[in-house]
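1. Predicted structure and sequence below. I'll ask about it afterward.
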Amino acid sequence: MSSIALAATHSPTPLPAPFTPPHIAPPARPLNRLAFIAKFVRNPLLVVPQAVYEQDVVRFPGRPVVWVTEPGLIKAVLLDQREQFRKLVQIRLLSPLLGKGILTSEGSEWKWQRQTSAPMFRHHELTTFVPTFVRATRDLLARWRQAPSGTTHDIEHDMTRVTFDVISATLLPSADATVGAAIERSARLFQKAGAWSQLYAVANAPPWLPQPGRRSQRQAVHMLRSSVAAMLHERRGAAHARDDLMHRLMQAHDPETGAPMTEEQLIDNLLTFYLAGHETTAKALTWTLYLLARSPAWAGVLKDEIARVTGGADVAAEHIDKLGLTQQVIKESMRIYPPVPMMSRQAVADTALGGHAITAGTSVVLPIYALHRHAARWPNPHLFDPERFAPEQEAKMSRYQYMPFGAGPRICIGMAFAMIEATAMLASMLQCARFATIAGHEPEPVARVTLAPRGGMPLRVWLE
Ligand code: HEM
């Protein structure tokens, strides 16, 4: 696809040339067991064989895993045949922390939790959050301003903090600022042991098997859940109820039993929204800033668009839809570096998937990172080229070939929230900041629950 030729159809000046940011070199053949464990613990993306980037369905004899990247088959797993494919690996991995909340439950237990939360994510509600997104970004810019121009900042950390501030201020406000800090601290501790937990969840390891880091992980879980419980008690004691997500969850009743959520269920959901609601957007912004630091030309194009749309004023709700190129860049960034790099489901009975026999217990891996770079569906897949998401191009795309937010009934409930948030925050940052990479730092994308840059994301920042 030629970006220059396409650009001429809807932009007065040619758009910058595509370039190739760091990507994983996949193994040519499946790895033997020892190599698999070693690589998986280092970075699960390193075990995804080359064939997965080229073929529709990949499986190897004797392994209860099938990799699926064909859009029609992904649709079957997530929508048409969803009763046969369950979220068991994700539930094993995350339920020690998130219990049976909206992300980690299934069936009717999931459905009413989803219906209870959905009204908070209607478009109108979301646009009222834009001033909060802008205010949180302004606080971050003020912190950056305290350091000399050109200072190196840990962008991954800064994006995590700012998106955490946003989720606290919009969906789950608490009068007690120390609660937020405690949650942030223990979430970091929990993730430290993440690599082994991932391996154990994928391998369905028995709970008695010793696991490196399990003790500190348990402590982190305890701290996290106690912090959220404290927040809940504080709210129960508050004189005035406010209409936020916590209020809605506290008021909800199970339509089958009529019972309200138990204390445990409330904690499960509050924690789910805290964690699912900020880590992912933080990674999307981190990788987008990296890509823009790599491409001052694209950063310049966005700055021009933002200046034209906002006239130099604060980003407001009515600007979001007009920031088309800014959104194209965010979408292309989430193609190249999907914040959730892998999804999976597990077959609960013998079944067939597009003519392929699947036995009960088989893990069906939907490797989002590889799907977004599949040779059959993306020309020059490793190139960063936001013109792929020009409206006329995007209209031709299958919703199962590009799915940073998943798909089907379990699609991310925060999708629109995240897109508005990322657009407002990126635009607010680019209004007065410039970013540059550090010589010699090539970030490797590592698949934890979210896609993290190994060694963080140090970037130099100049404020204008
Ligand atoms: C760029 C940002 C985000 C990305 C890439 C992302 C990605 C995803 C994905 C891939 C899933 C589906 C997982 C599966 O089916 O296995 C998901 C589910 C979910 N996300 Fe997000 N997410 C983002 C932001 C958010 C935000 C801002 C919130 C809340 C404010 C949120 C809350 C949730 C919840 C609660 C679920 C579970 C939904 C259900 O099972 O019904 N996410 N997300």
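-> All right, it came through fine. Residues are numbered from 1 along each chain as shown.

2. What is the burial count for the residue nearest to residue 421 when sequence neighbours are not counted?
-> Nearest non-adjacent residue to residue 421, counting by C-beta to C-beta, 6 or more residues apart in numbering: residue 133, 5.2 Å away. The C-beta positions use only the backbone N, C-alpha and C, and glycine is treated the same way. Number of residues near residue 133 (other C-beta atoms under 10 Å) recorded here: 28.

3. My guess is residue 133 contacts residue 418. True?
-> No: counting by C-beta atoms under 8 Å, residue 133 stays clear of residue 418, with 10.7 Å between them.

4. Residue 364: what secondary structure?
-> Put simply, residue 364 is strand when judged by DSSP: H, G, I helix; E, B strand; the rest coil.

5. And for the nearest residue in space to it that is not next to it in sequence, the neighbour number?
-> The shortest distance from residue 364 to any non-neighbouring residue, by C-beta to C-beta, 6+ apart, is to residue 345 (4.9 Å). Using other C-beta under 10 Å, residue 345 is surrounded by 23 other residues.

6. Would you agree residue 345 falls within a strand?
-> Yes: assessed by three-state DSSP, residue 345 belongs to a strand.

7. That one reaches residue 362, doesn't it?
-> No: applying C-beta under 8 Å, one finds residue 345 not in contact with residue 362, separated by 9.6 Å.

8. Would you mind listing the residues in contact with residue 445?
-> For residue 445, the contact set (C-beta atoms under 8 Å, 6 or more residues apart in numbering) comprises 22-24, 45, 287, 337, 341, 369, 451-454.

9. Could you tell me how far it is located from the ligand?
-> Distance of residue 445 to the ligand, computed by C-beta to the nearest ligand atom, to the nearest Å: 14 Å.

10. and that residue, how far is that from residue 393?
-> Separation of residue 445 from residue 393 (C-beta to C-beta, to the nearest Å) stands at 24 Å.

11. Could I get the pLDDT score of the closest residue to residue 292 other than its chain neighbours?
-> Nearest residue to residue 292 in three dimensions, chain neighbours excluded: residue 299, at 4.3 Å (C-beta to C-beta, 6+ apart). The pLDDT attached to residue 299 in the predicted structure is 97.

12. give me every residue that touches residue 299.
-> The neighbours of residue 299, taking C-beta under 8 Å, 6+ apart as the test, are 292-293, 430, 434-435.

13. Centroid-nearest residue for the protein?
-> In the chain, the centroid-proximal residue (C-alpha atoms, centre = their mean) is residue 280; its distance is 3.1 Å.

14. got a list of what the residue nearest to residue 364 touches?
-> Neighbour list for residue 345: 77-78, 85-88, 363-364, 366 [criterion: C-beta under 8 Å, 6+ apart].

15. Any chance of CSV for the residues you listed, columns distance to the ligand?
-> CSV is the format used below for the contacts of residue 345 (distance: C-beta to the nearest ligand atom, whole Å):
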residue, distance to the ligand
77, 10
78, 7
85, 11
86, 11
87, 6
88, 11
363, 13
364, 11
366, 8
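
16. Could you export these as a markdown table, including pLDDT and neighbour count?
-> Formatted as a markdown table, those follow (pLDDT from 0 to 100; neighbours: other C-beta atoms under 10 Å):
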| residue | pLDDT | neighbour count |
| --- | --- | --- |
| 77 | 97 | 25 |
| 78 | 97 | 22 |
| 85 | 95 | 23 |
| 86 | 93 | 15 |
| 87 | 90 | 20 |
| 88 | 86 | 18 |
| 363 | 92 | 20 |
| 364 | 95 | 25 |
| 366 | 96 | 22 |
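
17. Near the residue in the chain positioned nearest to the ligand, how many other residues are there?
-> Closest contact between the chain and the ligand, by C-beta to the nearest ligand atom, is at residue 414 (2.2 Å). Using other C-beta under 10 Å, residue 414 is surrounded by 22 other residues.

18. next one: residue 373
-> The burial count for residue 373: 22, using other C-beta under 10 Å.

19. Give me the residue ranges of the stretch 1-150 of the chain where confidence is low.
-> Counting by pLDDT under 70, the stretch 1-150 of the chain contains low-confidence residues at 1-13.

20. those helices in it, which residues are they?
-> Secondary structure of the stretch 1-150 of the chain by DSSP state H, counting those that start in this stretch: the helices cover 3-10, 33-42, 71-75, 88-98, 107-117, 123-127, 130-145.

21. just to revisit the earlier point, and the pLDDT for the residue nearest to the centre of the chain?
-> With respect to pLDDT, residue 280 has a value of 94.

22. quick one, strands of the stretch 301-450 of the chain?
-> All strands of the stretch 301-450 of the chain, identified by DSSP state E, counting those that start in this stretch, fall at 343-347, 351-353, 356-358, 363-366, 433-437, 445-447.

23. Just put those strands in TSV and tack on distance to residue 51.
-> Converted to TSV, those look like this (distance: least, C-beta to C-beta, whole Å):
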stretch	distance to residue 51
strand 343-347	18
strand 351-353	17
strand 356-358	15
strand 363-366	13
strand 433-437	32
strand 445-447	18
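
24. Distance check, residue 304 against residue 463.
-> Relative to residue 463, residue 304 is positioned 19 Å away (C-beta to C-beta).

25. ok, back up a step: filter the contacts of residue 445 to the buried ones?
-> Buried members of those, counted by 16 or more other C-beta atoms under 10 Å: 22, 24, 45, 287, 337, 341, 369, 451-453.

26. could those be laid out in JSON lines, adding distance to the ligand?
-> Formatted as JSON lines, these follow (distance: C-beta to the nearest ligand atom, whole Å):
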{"residue": "22", "distance to the ligand": "19"}
{"residue": "24", "distance to the ligand": "18"}
{"residue": "45", "distance to the ligand": "16"}
{"residue": "287", "distance to the ligand": "10"}
{"residue": "337", "distance to the ligand": "10"}
{"residue": "341", "distance to the ligand": "9"}
{"residue": "369", "distance to the ligand": "12"}
{"residue": "451", "distance to the ligand": "9"}
{"residue": "452", "distance to the ligand": "13"}
{"residue": "453", "distance to the ligand": "15"}
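
27. In strands, which of these fall?
-> In strands, defined here by DSSP state E, the members of the buried ones among the contacts of residue 445 are 451-453.

28. quick one: contacts for the nearest residue to residue 452 once chain neighbours are set aside?
-> Closest residue to residue 452 apart from its sequence neighbours, by C-beta to C-beta, 6+ apart: residue 446 at 5.1 Å. Residue 446 is in contact with 42-43, 45, 452-454, counting by C-beta under 8 Å, 6+ apart.

29. switch the cut-off to 7 Å
-> Residue 446 is in contact with 43, 452, 454, counting by C-beta atoms under 7 Å, 6 or more residues apart in numbering.

30. What of residue 326?
-> Residue 326 neighbours (C-beta under 7 Å, 6+ apart): 302, 305-306, 423, 426-427.

31. Check what pLDDT it gets.
-> For residue 326, the model assigns a pLDDT of 98.

32. Tell me the spacing between it and residue 403.
-> Applying C-beta to C-beta, the value for residue 326 to residue 403 is 21 Å.
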